[in-house]
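*Asks:* Provided below are the primary sequence and the corresponding predicted coordinates.
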Amino acid sequence: MDFNVNELLNSLSYTLDYVEKDLISDVTNHGRRVAYIAARIGQKIRLSNTELFDLISYSLLHDNGVTKSLIQMPDPGNYQKAELSRMHCVEGEKNIVFFPFFHKVPNVILYHHEHYDGSGFFGISGKKIPMFSRIIALADSIAICFSEGKKKADIEIWIKRACIFDRDFVDVFLELSRNIEFWLNMDDNFVFQALRAIMPSFHRESSYQEMHTVSSIFSNIIDAKSPFTGSHSRGISEKTGILCDYYQFDRDTYWKMRIAADLHDLGKLMVPNEILDKPGTLTPSEIAVIQSHTFYTRKTLEGITGFEEIADWAANHHEKLNGKGYPYGFDADRLDFNSRLLGCVDIYQALTEDRPYRPPMSHRKAIALMRNMAGQNLIDSSIVEDINRVFESACATA
């Protein structure tokens with residue numbers, strides 16, 4: 001399959017900016033803004049197209065570890081502490097191990113908060129810090145200052161005086177800063193277009209199995225969104241793979257289903273944690289927000305060429321055969337077998353997981369509840385029986 005890597009990266013990284021927006025309510029487009037600033041610096045120092053693409057990719061993904069570090073901290077939910085903790089750098093570096101960079105550089109994410117004078121998290125200084133990390137550190141600080149409403153002149157003065165940045169890149173930034181268009185392009189209304197205009201366009205021949213390495217990165221980020229569903233997407237992906245083998249799906253369909261399972265809850269990155277993790281009863285308006293997540297999943301994935309079926313299967317996992325699911329109210333005539341399968345696996349995984357409001361259900365109880373749902377024409381009874389057949393023996397010996 002000939003994949004447009006730009007589409008893949010832009011669509012998936014878009015959700016990361018929603019994580020930033022959730023955690024810092026007055027900040028939007030942070031990742032894209034960092035990538036834009038870094039890219040402008042990269043152009044000035046004459047990076048090759050593949051190097052520029054990688055710099056933009058690292059920039060868009062630089063804070064991918066924040067969600068995981070948030071739930072591992074003593075004070076979960078405190079973004080400022082997570083952002084100022086080395087943990088999000090460590091987790092972010094782990095997540096991008098398998099991302100298909102053109103020129104993979106070790107520790108770019110790990111060291112993106114290192115200071116040129118050695119006063120960062122890990123005490124790395126000067127040129128020992130990877131070049132991309134030094135550029136991203138500078139771009140990150142400029143982007144934050146801009147989002148806080150600081151004036152151009154004040155940002156320039158602070159950057160000039162700070163001893164934590166590589167002076168070579170500071171000089172490049174100051175040269176760029178002379179032109180007002182550099183700053184105007186950082187506006188929320190223009191930053192995506194500005195970044196897209198800079199980003200080199202690449203197509204790569206990749207299999208769906210290779211694309212699964214990217215989807216698994218975002219599966220980890222999705223599961224880290226909430227401390228209550230730490231392995232939900234991974235569990236669904238693994239069980240979906242077992243059932244695909246049971247049905248003897250071809251290899252392309254197998255891997256497309258695994259990707260759909262990885263990304264089925266991608267839209268939850270756009271749902272505020274205060275609603276997602278609310279311990280009490282949700283209000284009707286909060287329920288509507290929760291139900292929007294599958295819509296966001298579809299809108300994010302349908303922009304990726306080659307992901308048309310994946311987008312459909314992933315986004316349909318809360319639709320019901322009687323047309324009373326969400327967000328579209330699709331009925332049996334609209335829901336193909338793979339959509340029905342992923343919906344059933346999602347229910348089975350959720351029921352057998354440990355949740356804060358209940359212990360995990362046994363296999364037998366989960367199947368009994370799902371049979372009842374099938375009897376109400378909500379889910380496919382034949383798939384429920386296949387799930388019982390496939391997983392009953394595994395649960396009996398567990």
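*Replies:* Nice, thanks for sending it over.
*Asks:* contacting residues for I159?
*Replies:* Taking CB atoms under 8 Å, 6 or more residues apart in numbering as the criterion, I159 is in contact with L138, S141, I142, F165, V170, F173, L174. C-beta coordinates here come from the backbone N, C-alpha and C atoms, glycine included.
*Asks:* would you say it is within a helix?
*Replies:* Yes: using DSSP: H, G, I helix; E, B strand; the rest coil, the assignment for I159 is a helix.
*Asks:* sorry, back to before: who wins for neighbours among the contacts of I159?
*Replies:* Neighbour tally across the contacts of I159 (other CB atoms under 10 Å): the maximum, 26 neighbours, falls on I142.
*Asks:* tell me the contacts of it?
*Replies:* Contacts of I142 by CB under 8 Å, 6+ apart are I37, I155, I159, F173.
*Asks:* outline the domain layout of the protein.
*Replies:* Residue ranges for each domain of the chain read 2-202, 207-397, as given by automatic domain parsing.
*Asks:* and those domains as a markdown table, adding mean pLDDT?
*Replies:* Formatted as a markdown table, those follow (pLDDT from 0 to 100):
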| stretch | mean pLDDT |
| --- | --- |
| domain 2-202 | 87 |
| domain 207-397 | 91 |
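*Asks:* max pairwise distance over the contacts of I159: which two?
*Replies:* Largest separation among those by CB to CB: S141 and L174, giving 13.8 Å.
*Asks:* please look at A366 and T352 and confirm they touch.
*Replies:* Yes: with contact defined as CB atoms under 8 Å, A366 reaches T352; the gap is 5.3 Å.
*Asks:* and those two? which has more neighbours close in?
*Replies:* Using other CB under 10 Å, the more surrounded residue of A366 and T352 is A366, with 23 against 18.
*Asks:* so who does the residue nearest the centre of the chain touch?
*Replies:* Centrality entry for the chain: nearest residue to the mean C-alpha point is F218, 4.2 Å, by CA atoms, centre = their mean. For F218, the contact set (CB under 8 Å, 6+ apart) comprises L12, T15, D262, L263, L266.
*Asks:* S147: which of these is nearest?
*Replies:* Distance to S147, by CB to CB, is smallest for T15 among the contacts of F218, at 18.4 Å.
*Asks:* and that closest one, its phi and psi?
*Replies:* Dihedral pair for T15: phi -70, psi -30, per degrees, to the nearest 10.
*Asks:* that one is in contact with L269, isn't it?
*Replies:* Yes: contact criterion CB under 8 Å: T15 and L269 qualify, at 4.2 Å.
*Asks:* look at those two and report which has more neighbours.
*Replies:* Between T15 and L269, counted using other CB under 10 Å, the more crowded position is L269 (26 against 22).
*Asks:* over to that one: give its phi and psi.
*Replies:* Main-chain torsions, L269, degrees, to the nearest 10: phi -70, psi -20.
*Asks:* hang on, it packs against Y18?
*Replies:* Yes: shown here, L269 and Y18 form a contact pair, counting by CB under 8 Å, at 5.4 Å.
*Asks:* so what's the residue sitting furthest away from the middle of the chain closest to, chain neighbours aside?
*Replies:* Distance from the centre of the chain peaks at G375, with 35.9 Å (CA atoms, centre = their mean). Counting by CB to CB, 6 or more residues apart in numbering, G375 lies nearest to S381, which is 7.6 Å off, once chain neighbours are set aside.
*Asks:* so which of the contacts of I159 sit within helices?
*Replies:* Judged by DSSP state H, the subset of these located in helices is L138, S141, I142, V170, F173, L174.
*Asks:* tell me the spatial nearest neighbour of the last one, not counting adjacent residues.
*Replies:* In other words, L174. L174's closest residue in space is E156 (CB to CB, 6+ apart), at 6.4 Å.
*Asks:* what does the fourth one give?
*Replies:* Closest residue to V170 apart from its sequence neighbours, by CB to CB, 6+ apart: I159 at 5.8 Å.
*Asks:* would you map the strands across the stretch 101-250 of the chain?
*Replies:* 203-205 (DSSP state E, counting those that start in this stretch).
*Asks:* would you map the helices across it?
*Replies:* 131-147, 152-161, 167-177, 180-184, 191-198, 208-223, 232-246 (DSSP state H, counting those that start in this stretch).
*Asks:* can you say which of those helices is packed in most?
*Replies:* helix 131-147 (a mean of 23; mean count of other CB atoms under 10 Å).
*Asks:* could you export it as PDB, CA atoms only?
*Replies:* Taking Å, rounded to 0.1, in the frame of the first residue of the first chain, the C-alpha atoms of helix 131-147 are listed here in PDB:
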ATOM      1  CA  MET A 131      20.500  18.800  17.400                       C
ATOM      2  CA  PHE A 132      16.800  18.100  17.000                       C
ATOM      3  CA  SER A 133      16.300  18.200  20.800                       C
ATOM      4  CA  ARG A 134      18.100  21.600  20.900                       C
ATOM      5  CA  ILE A 135      15.800  23.000  18.200                       C
ATOM      6  CA  ILE A 136      12.700  21.600  19.800                       C
ATOM      7  CA  ALA A 137      13.600  22.900  23.200                       C
ATOM      8  CA  LEU A 138      13.900  26.400  21.700                       C
ATOM      9  CA  ALA A 139      10.700  26.100  19.700                       C
ATOM     10  CA  ASP A 140       8.800  24.700  22.700                       C
ATOM     11  CA  SER A 141       9.700  27.700  24.800                       C
ATOM     12  CA  ILE A 142       8.800  30.200  22.100                       C
ATOM     13  CA  ALA A 143       5.500  28.500  21.400                       C
ATOM     14  CA  ILE A 144       4.600  28.500  25.100                       C
ATOM     15  CA  CYS A 145       5.400  32.200  25.400                       C
ATOM     16  CA  PHE A 146       3.400  33.000  22.300                       C
ATOM     17  CA  SER A 147       0.400  31.100  23.600                       C
END
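*Asks:* got the angle for that helix vs helix 152-161?
*Replies:* Interaxial angle of helix 131-147 relative to helix 152-161 (axes from the mean of the first three to the mean of the last three CA atoms, to 10 degrees): 150 degrees.
*Asks:* off-centre distance for helix 131-147?
*Replies:* Remark: helix 131-147 is offset 20 Å from the chain centroid, using CA atoms, centre = their mean, to the nearest Å.
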